[in-house]
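> this one's structure only:
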């Protein structure tokens, strides 16, 4: 464990419960009323239970008088369940809550629900591989959740089953207890799936990240699934569900699974037509079936992403119309340090001058033998977090540990001996803002020597043109870590870093994201002063020919393993 890493003691528990409301007052929400009863019966004096009522209603309701530990938040606009959960996730992080309990407004919890779920959370508190604890949701004799994911269909986990999953499963959002750090690790709740299929996407990403779910089948919760009642479902909502269902398969599954979905949708269409269902519902199913038959998979994915961008643009337009400032993503700067006493103070100050109060800089010292740690501590800035390795583990492990500790929305990589241009952060954030589909941003850099004297106006002028392709970077690495920033949503693609292999962190991040279908953009101007000197820990100038060959061989092995794992997870 890194020095400075904080974990919750086994005898304490901290939970933030979030209930997303829509056109229902808190006093009329079965979830809120039953949760309050469950809280009152909870006998864990050292534990902290906070409740957030997040109201997506078009007209803000009056919450009435609420207990001290209950907060009410009215959304500026209904941006869906995913946005509400991400708001709660950020709040949980700020309040140091280890677990997030997500609830639908109409779920009725058993009186002992919180006590039993809390006991399980405490049981699995120190096992970071366990990302979720879920009960069994039932509707009469039907089991709604959780479900095992198979190649062609899903099957309900047997009634009453308790234990950790050994295969991929998904659980409905309501009454699920989720580990905050695990959800942050996969980039939060995917707002592309703002309303429907969010639970399926969440558990798929957790599974890909190597996380497990504990199924508490002995805890049964009655739940009404609105999507099962087609009569009360609006055509627009049903259309959104169908499009999200189709997009999830296109993005995450192979050709056999996609063919199976098309067949299932067509059978669904025939069934509703025979029943004489609402013509709008029948037409919506047929529309998606035709799209899946006559449009190729890449075209369907592009249409889906375009609709997501348009929806985000509409939201931002409405927000600007209210003269409200656009929210700035939280930044984490990840730095690996080793014997950097000569330059690290100047570099940190060039970074901190561009950050806001809520941002952070995580410095992982790799067992330095000089005054690096003392200098970092002497800066006395609450945004700087120093963590120390007791023994030298190398650049790759140091950056991996820094990335794992980061809690921001955008992660910047930084070397200890460079200098950031004054507009680096603002420029990168603007590129991310203008390109919501971009995962990684890289830039050019000027070259300076140990004294800060300019030795070259462009790194890539001497290195060769920047390229993003996987094969091109295996031949010649274009990625320069100190110029890179990326969204947290790619963490499941890049973590863990390969073990037992001689690989550079920057080329691994760039190529593993690329092989998973991620997008990298390049800013063709210098945003970093890249210092080249004889003590550099990385850089091709320091690599012998034999090590260059070893690095590329290791990279090919690791990428092949990652590609095969992607195919296995996606059912190819």
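Ah, there it is. Predicted model only: the values in this text are computed from it and were never measured.
> Look at residue 356 and give its secondary structure.
Secondary structure assignment for residue 356 (DSSP: H, G, I helix; E, B strand; the rest coil): coil.
> got a list of what it touches?
Residue 356 sits next to 328, 331 when contact means CB atoms under 8 Å, 6 or more residues apart in numbering. Backbone N, C-alpha and C define where each C-beta goes, glycine included.
> now do residue 200
170, 248.
> Domain ranges for the protein, per the record?
Residue ranges of the domains in the chain are recorded as 14-228, 230-321, 331-569, according to automatic domain parsing.
> Worst mean pLDDT among these?
When mean pLDDT is averaged over each of the domains of the chain, domain 230-321 scores lowest at a mean of 82.
> Run the chain-centre distance for that domain.
Averaged C-alpha coordinates place domain 230-321 at 24 Å from its chain's average position (CA atoms, centre = their mean, to the nearest Å).
> check contacts around the closest residue to residue 27 other than its chain neighbours.
Once flanking residues are discounted, residue 27 sits nearest to residue 64: 6.2 Å by CB to CB, 6 or more residues apart in numbering. Residues counted as contacts of residue 64 (CB under 8 Å, 6+ apart) are 25, 26, 27.
> same thing but 10 Å
25, 26, 27, 72 (CB atoms under 10 Å, 6 or more residues apart in numbering).
> what's the answer for residue 328, then?
Counting by CB under 10 Å, 6+ apart, residue 328 touches 356, 358, 359, 409, 410, 425, 426, 429, 433.
> I'd like the distance between it and residue 409.
To residue 409, residue 328 is 9 Å away according to CB to CB, to the nearest Å.
> Spit out the residues that contact the two alike.
With CB under 10 Å, 6+ apart, residue 328 and residue 409 have no common neighbours.
> Can you report how many residues neighbour residue 552?
Other residues lying near residue 552 total 18 when counted by other CB atoms under 10 Å.
> hang on, it packs against residue 477?
Yes. The pair residue 552 / residue 477 is scored as a contact, 8.8 Å apart, by CB atoms under 10 Å.
> Identify the contacts common to these two.
Residues touching both residue 552 and residue 477 (CB under 10 Å, 6+ apart): residue 507.
> Nearest the geometric middle of the chain, what residue?
residue 187 (1.1 Å; CA atoms, centre = their mean).
> That one in helix, strand or coil?
Three-state assignment for residue 187 (three-state DSSP): coil.
> Pick out the most distant pair among the contacts of residue 328.
Among the contacts of residue 328, the pair separated by the greatest distance (CB to CB) is 358 and 433, at 17.3 Å.
> For the stretch 201-350 of the chain, which segments count as helices?
In the stretch 201-350 of the chain, the helices defined using DSSP state H, counting those that start in this stretch lie at 235-252, 255-275, 279-294, 297-321, 344-352.
> What about the residue nearest to residue 262 when sequence neighbours are not counted, how many residues nearby?
In space, and not counting its chain neighbours, residue 262 is closest to residue 292: 4.6 Å by CB to CB, 6+ apart. When neighbours are defined as other CB under 10 Å, residue 292 has 21 of them.
> what's residue 292 in contact with, if anything?
Contacts for residue 292 were tallied using CB under 10 Å, 6+ apart; they are 246, 249, 250, 258, 259, 261, 262, 263, 265, 266, 300.
> Could you tell me which of the contacts of residue 328 are located in helices?
Judged by DSSP state H, the contacts of residue 328 include 425, 426, 429, 433 as members of helices.
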